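Novice: what's the 3D shape of this:
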Amino acid sequence: MYSAWVTIYLAFLEGFGLIISPCILPILPLILSASLTGSRRRPFGIVVGFVIIFTLFTLFSRLIIQLFHLNPTHIRWWAYGFLLLFGIIMLSSTLTEKFSLLTARLARVGSNWSAVNNTEGGFVSGFIFGGLTAIIWTPCAGPILAAVIVQTIIQQTTVLSGLTVFSFGLGAGVPMLIIALCGRKIMQHFSYFKKYASLFRKCLGAIVIAVVIYLVWSEGISTAYASEKNISVEDPPLRDGLLNPYLAPSIAGITDWINSMPIDLDKLKGKVVLIDFWTYSCINCLRTLPYLKDWYQKYHAKGLEIIGIHAPEFEFEKDLNNVKNAVVRQGILWPIALDNRYMTWLNFNNHYWPAHYLIDKNGYVVYQHFGEGDYDITENNIQALLGAHAKITQPKTNYFDLFSASLTPETYLGFARAERYAGTPNIVNDKAENYQFPTHLATDDWALQGTWTIQSDRARGDKGSAIRMHFSAGNVYMVMGSSTHQPIHLKILLDGKVMNNALVVKDHKLYTALALPKRTNGMIEVQVADPGLEVYTFTFG
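Specialist: Okay, the predicted model is just below:
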């Protein structure tokens, strides 16, 4: 539940910010060294290859890792090895020449592009070099890249996921291109650098090797930390743990507690704590609850504490009674803290619903996961920190299909975040308006019929109004409520056929509008029989 364009923009800034990160240091010397040879098009080929191959590799790497049961830690060590090999190649003039000839030959295999590439390498040669560099670099980005990969997981469509990762790669590629172009100009205009180009390349190779050694040393420090803090690294190991664990931030600014008196994390030393950021109308959060209940039942007596940090997305989610009712309705037994001022959210620098932070017995965050899925990994890590051993039932993950770009994304009806509206007239802010359905709605578009008042975070419909959406999904959910606090009766139609004639809306919460046996591309229409319906968002699964 995250604004699409903000996600893409932040991904670009995160990629651009890598210029000051240690994980980019091994790459910049490679890019600069490779850009000093070949035609003027080669630097552009390198950066374009880097961005495109990085995007594709990142989108499919998670699927590949899960399909072949690969260990991400082993992949990262292989990447370190390849970077070290690159550094050694740069130290040797003979190896550098052979490597340049290899990339030039690969660029000509299966194509007739040799006319646009000289023997030193042109755009295509640079593209291949940049693509190889991206594949090697992706696992090394580790913690910084992890946040962007997570964003691709929690999005509801691969188009948005692809744009997010592409934006990240573009952000990383822009400073690379600037450095590559400036490097060529420096070498072209200063005969001193030309004379000592070989020495310069060798110095860059030494930098690559030095940085790889530093990264390996940092990883060793993290392993030593795990040993010192008695974090189990064997039977079962801590999987996908943080490279640099950090002291858990405080739980602060809580307006109310449910199921508990106020809790101080410092007083929970000696226990394993799972912090769960959620909000009760979020379908992704609700789908994690069965797993949380299972872990609480199995491990609470062995030292596991779960603390739910309820961080509202909508104004009605700040109401204590609404949250209490949701806690009772969902059968939640662990403490729930209402973070209505987002102070704990900010302390953890969190950005997602749901988000899980696993804290060891010494008060350090050693594992974190955003979005749905990886329940087996989280349970494995709970066992590792507790020293408990139990059978882990393979969960049913709720990842969207990576190969399907047609799943309808979450759609907000308030004017602040409304997208893909296709009705007549255009949305009028904070004023009652009579709307009309269009004759045609494209997939993912929506429209209104009758009198609606569009506010910043919701659309309020009068009696006799209706809403249509052309969706592609198996399930359709709607966050709704009654502004009159009286029951509102809805009729749900799919492609003109009545599917539900008895949906009643009163409390502000998530409602299931359609639950279909398989994925469907169709038109849902919601007809309102009573005044005061408030619709906040459509979500899909």
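Novice: and the gap between P262 and P249?
Specialist: 16 Å (C-beta to C-beta, to the nearest Å). All C-beta atoms are positioned from the backbone trio N, CA, C, and that covers glycine.
Novice: and the two? Which one has more around it.
Specialist: P249 (17 against 10; other C-beta atoms under 10 Å).
Novice: could you find the closest non-adjacent residue to the more buried one?
Specialist: The spatially closest residue to P249, leaving aside those adjacent along the chain, is N347, at 3.7 Å (C-beta to C-beta, 6 or more residues apart in numbering).
Novice: burial of the one you found, as a residue count?
Specialist: Using other C-beta under 10 Å, N347 is surrounded by 16 other residues.
Novice: over to it: give its phi and psi.
Specialist: phi -60, psi -40 (degrees, to the nearest 10).
Novice: got the contact list for it?
Specialist: N347 makes contacts with P249, S250, I251, A252, as judged by C-beta atoms under 8 Å, 6 or more residues apart in numbering.
Novice: M176: helix or strand, and which one exactly?
Specialist: helix 158-189 (DSSP states H and E).
Novice: how about P517?
Specialist: With DSSP H and E as the test, P517 turns up in strand 509-528.
Novice: and the angle for the following helix or strand past that strand with strand 509-528?
Specialist: Sequence order places strand 533-540 as the next helix or strand after strand 509-528, per DSSP H and E. Interaxial angle of strand 533-540 relative to strand 509-528 (axes from the mean of the first three to the mean of the last three C-alpha atoms, to 10 degrees): 110 degrees.
Novice: please identify the buried residues of strand 533-540?
Specialist: For strand 533-540, burial by neighbour count (16 or more other C-beta atoms under 10 Å) applies to L533, E534, V535, Y536, T537, F538, T539, F540.
Novice: pLDDT averaged over that strand - what is it?
Specialist: On average, the pLDDT along strand 533-540 is 91.
Novice: just the closest of the buried residues of strand 533-540 to E379, please.
Specialist: Taking C-beta to C-beta as the measure, E379 lies nearest T539 of these, at 26.0 Å.
Novice: how near is the closest one to P43?
Specialist: For T539 relative to P43 (C-beta to C-beta), the value is 44 Å.
Novice: before we move on, what about K267?
Specialist: 57 Å.
Novice: what about those two, which has more around it?
Specialist: P43 (27 against 8).
Novice: on that earlier part again, list only buried entries from the contacts of N347.
Specialist: Among those, those classed as buried by neighbour count (16+ other C-beta under 10 Å) are P249, I251.
Novice: any chance of the contacts of N347 in a markdown table, plus distance to V504 and secondary structure?
Specialist: As requested, the contacts of N347 are exported to a markdown table (distance: C-beta to C-beta, whole Å; DSSP: H, G, I helix; E, B strand; the rest coil):
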| residue | distance to V504 | secondary structure |
| --- | --- | --- |
| P249 | 42 | coil |
| S250 | 42 | coil |
| I251 | 37 | coil |
| A252 | 39 | coil |
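Novice: what helix or strand is the nearest residue to G541 once chain neighbours are set aside on?
Specialist: Spatially, and ignoring its direct neighbours in sequence, G541 is nearest to N475 (4.3 Å; C-beta to C-beta, 6+ apart). Using DSSP H and E, the element containing N475 is strand 466-482.
Novice: buried set for that strand?
Specialist: Those would be 466-473, 475-482, for strand 466-482 by 16+ other C-beta under 10 Å.
Novice: just checking, what packs against it?
Specialist: strand 446-454, strand 497-505, strand 509-528, strand 533-540 (3 or more C-beta pairs under 8 Å, 6 or more residues apart in numbering; DSSP states H and E).
Novice: quick one: strands adjacent to that strand?
Specialist: Its sheet considered, strand 466-482 pairs with strand 446-454 (antiparallel), strand 509-528 (antiparallel), strand 533-540 (antiparallel) by DSSP bridges.
Novice: for I258, give its distance to K202.
Specialist: From I258 to K202 the distance is 63 Å (C-beta to C-beta).
Novice: and what of V323?
Specialist: On the measure of C-beta to C-beta, V323 and K202 end up 63 Å apart.
Novice: to F54, which of the helices and strands packed on strand 466-482 lies closest?
Specialist: Nearest to F54, of the helices and strands packed on strand 466-482 and by C-beta to C-beta, is strand 533-540 at 28.5 Å.
Novice: give me the three-state assignment for the residue lying closest to A416 once chain neighbours are set aside.
Specialist: Among residues not flanking A416 along the chain, S456 sits closest, at 4.3 Å (C-beta to C-beta, 6+ apart). Of the three states, S456 takes coil under DSSP: H, G, I helix; E, B strand; the rest coil.
Novice: do the same with F129
Specialist: Three-state assignment for F129 (three-state DSSP): helix.
Novice: so for it, what's the pLDDT?
Specialist: 73.
Novice: neighbouring contacts of the helix or strand following the strand holding N475?
Specialist: Next helix or strand after strand 466-482 toward the C-terminus (DSSP H and E): strand 488-494. With contact meaning C-beta under 8 Å, 6+ apart, strand 488-494 is reached by 482, 498-506, 513-514, 516, 520, 522-533.
Novice: direction included, what does strand 488-494 pair up with?
Specialist: With DSSP bridges as the test, strand 488-494 pairs up with strand 497-505 (antiparallel), strand 509-528 (antiparallel).
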